[in-house]
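Colleague: here are the coordinates; sequence isn't available:
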């Protein structure tokens, strides 16, 4: 059997290694148009920033090492320019020699990846405008920063690559402005969670230009600047274009393969394309979203690796199927960690999925053990049966651990009742006896069982201020003085039982505290005394992170709301 693989990195290289482990006699040839067959895409920004200091650390395998270990004929700087599925041949161009030749195949795997999107704006072809997709891109950026010592940079795009590059350029001493046409950074996160990220990175020195797009890039003898959609200009010395990626599917289209969403390659659960004996994996393929069941393009290394393995399995006669992905991801931003999995509110609303959310603040480990930090956790669940649909976490320590537990719970079809029962490891330096994931389960079950009802930050502005409802704040006097909801009545929790006669049982009570815990206790007291009450999800701390403090000048706000 002769197998050709077009493209290396995560999907192609994984497929090649798996093929060899399953079939020692197969002839395997892998073509890669760049100079690197297997490299760490996700590590590229950190080489620019200096966290990774050696070029060699970016390359996981060389053609020589891959051949020695797996007996795979790796041909870098070779670009496949055409596929003839009828003759089962490909046309290959040797980019070093400039020559072309054909190669036959029994099975073909496409792993072309995705290309960086460059918007059609004037000046985008400047030598001081960079994308970051390949190792060669990274070396260009690093060399420019090292040699030219730029002082200011504009990053166009506030997603993963954009913010990682913004962080690393800031670490190099540059003044960085991030331009994002959405009203938030990090699209996988909902606006409320993204606000916490934004508050933090602004405190770290990043400038954010949200709800704006770049209209032109000026680069002449007068200097360099990015013209924005509001008519303003941002001066800079370099531009990073990080607006996203698109499936690189020219070859597939010309070969007659079925394409779908955003030009991605249509595959079945076995990674087979619409053309016999041609498989496709990685960023260019359309897969099923595990939660929604909808066709999706998920450009992440984890899914690409799994897809490569599954394609190899099926070529070798194993009945291996891909169940889909849900975009589980994590990002480091200075000292902060932000992670998400499953679906967010935007997706649920767009698809008409019935859902509700809970928000909590939880310590990374036992409060009495030194060094603990807070995590802001948001979980989406089905109000019908408590099935977990998605999760977002912003914090410092322990974020990755908890998002992985939530991702596992979603893949297993678990509900909030299951989260309550999870037997998770505990020692004071690592967690609490009731882990934050257990707490998420407790909160959702309390709502499902009717022990408490809640209201959300975006519903607060619509609460009537005509006396028909009571907004009750149960925090301490000092906390209340620092800021509170407009028109709220203040009764600290510890004195609530003795002051119930001050409240009108004929009016609904909308209760809040700092994080939602004391107000939950207050609601239990009130509901058992005949009051109709609702708890503010996430508390005043979450409300303030999203909406700002209604009683304090915004310029006086601190770094972020995740202090212990």
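Modeller: Yes, it's here. Because the structure is predicted, anything quoted here is derived from the model rather than measured. Residues are numbered from 1 along each chain as shown.
Colleague: Residue 539: how many residues sit nearby?
Modeller: 24 (other Cβ atoms under 10 Å). All C-beta spots, glycine's among them, are computed from the backbone N, C-alpha and C.
Colleague: Phi, psi for it please.
Modeller: Phi and psi for residue 539, reported as degrees, to the nearest 10, are phi 70, psi -170.
Colleague: cool, the one 4 residues further on as well?
Modeller: Recorded main-chain torsions at residue 543 are phi -60, psi -40, according to degrees, to the nearest 10.
Colleague: Could you find the closest non-adjacent residue to it?
Modeller: In space, and not counting its chain neighbours, residue 543 is closest to residue 457: 4.6 Å by Cβ to Cβ, 6 or more residues apart in numbering.
Colleague: now residue 185
Modeller: Nearest one to residue 185, counting by Cβ to Cβ, 6+ apart, is residue 158 at 3.6 Å.
Colleague: Would you mind listing the residues in contact with that neighbour?
Modeller: Going by Cβ atoms under 8 Å, 6 or more residues apart in numbering, residue 158 touches 178, 179, 180, 182, 184, 185, 186, 208, 210.
Colleague: Equivalent analysis for residue 458, please.
Modeller: residue 192.
Colleague: Roughly how far does it sit from residue 171?
Modeller: 35 Å (Cβ to Cβ, to the nearest Å).
Colleague: quick one on the thing from earlier: measure the residue nearest to residue 543 to residue 547 for me?
Modeller: Residue 457 is 6 Å from residue 547, by Cβ to Cβ.
Colleague: higher neighbour count, these two?
Modeller: Using other Cβ under 10 Å as the criterion, residue 457 and residue 547 rank with residue 457 on top: 21 against 15.
Colleague: Need the pLDDT of the more buried one.
Modeller: At residue 457, the pLDDT value in this model is 95.
Colleague: thinking it is in contact with residue 548, fair?
Modeller: No. Using Cβ atoms under 8 Å, residue 457 is not in contact with residue 548; the gap is 11.0 Å.
Colleague: Show me where the stretch 51-200 of the chain has its helices.
Modeller: For the stretch 51-200 of the chain, helices defined by DSSP state H, counting those that start in this stretch occupy the ranges 63-70, 135-148, 160-171, 191-203.
Colleague: And the longest one, what does it pack against?
Modeller: Read that as helix 135-148. helix 44-49, strand 129-130, strand 238-241 (3 or more Cβ pairs under 8 Å, 6 or more residues apart in numbering; DSSP states H and E).
Colleague: Show me what secondary structure element comes after the last one.
Modeller: Same thing as strand 238-241. Remark: after strand 238-241, the chain's next helix or strand is strand 245-247, criterion DSSP states H and E.
Colleague: Please state the offset of stretch 395-411 from the chain centre?
Modeller: 13 Å (Cα atoms, centre = their mean, to the nearest Å).
Colleague: same question, stretch 86-94
Modeller: Distance, centroid of stretch 86-94 to centroid of chain: 37 Å (Cα atoms, centre = their mean).
Colleague: Flag every buried residue along it.
Modeller: 88, 89, 90, 92, 93 (16 or more other Cβ atoms under 10 Å).
Colleague: Could I get those residues in JSON lines, plus columns for distance to residue 379?
Modeller: JSON lines is the format used below for the buried residues of stretch 86-94 (distance: Cβ to Cβ, whole Å):
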{"residue": "88", "distance to residue 379": "49"}
{"residue": "89", "distance to residue 379": "51"}
{"residue": "90", "distance to residue 379": "47"}
{"residue": "92", "distance to residue 379": "49"}
{"residue": "93", "distance to residue 379": "50"}
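Colleague: now, which of these sits nearest residue 473?
Modeller: The shortest approach to residue 473 among the buried residues of stretch 86-94 belongs to residue 90, at 68.7 Å (Cβ to Cβ).
Colleague: show me the contacts for the closest one.
Modeller: 4, 6, 31, 80, 82, 83, 84, 102, 103, 105, 108 are the contacts of residue 90 under Cβ under 8 Å, 6+ apart.
Colleague: got TSV for these, with neighbour count, pLDDT and distance to residue 133 too?
Modeller: What follows is these, written out as TSV (neighbours: other Cβ atoms under 10 Å; pLDDT from 0 to 100; distance: Cβ to Cβ, whole Å):
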residue	neighbour count	pLDDT	distance to residue 133
4	25	98	23
6	26	96	17
31	24	96	18
80	22	97	18
82	14	97	23
83	24	97	23
84	12	96	28
102	11	97	28
103	17	97	26
105	22	98	27
108	26	98	23
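Colleague: And the furthest pair within those?
Modeller: So, these by Cβ to Cβ: farthest apart are 31 and 84, at 15.2 Å.
Colleague: Could you pick out the buried ones from the contacts of residue 158?
Modeller: 178, 179, 180, 182, 184, 185, 186, 208.
Colleague: how far away is the fourth one from residue 116?
Modeller: When Cβ to Cβ is applied, the distance between residue 182 and residue 116 equals 18 Å.
Colleague: One more: the third one?
Modeller: Distance of residue 180 to residue 116, given as Cβ to Cβ: 16 Å.
Colleague: Ranking helices and strands of this structure by mean pLDDT, which lands last?
Modeller: Least confident helix or strand of the chain, by mean pLDDT, DSSP states H and E, is strand 38-39 with a mean of 68.
Colleague: Please name whichever of the helices and strands packed on helix 135-148 is nearest to residue 24.
Modeller: Comparing these by Cβ to Cβ, helix 44-49 comes nearest, at 34.1 Å.
Colleague: Any idea how far that closest one is from the middle of the chain?
Modeller: Worked out by Cα atoms, centre = their mean, helix 44-49 lies 19 Å from the chain centre.
Colleague: So which elements touch that helix?
Modeller: helix 135-148, helix 160-171.
Colleague: Would you mind finding the most buried of those helices?
Modeller: Stretch with highest mean neighbour count among the helices and strands packed on helix 44-49: helix 160-171 (a mean of 24; mean count of other Cβ atoms under 10 Å).
Colleague: Cool, thanks, signing off.
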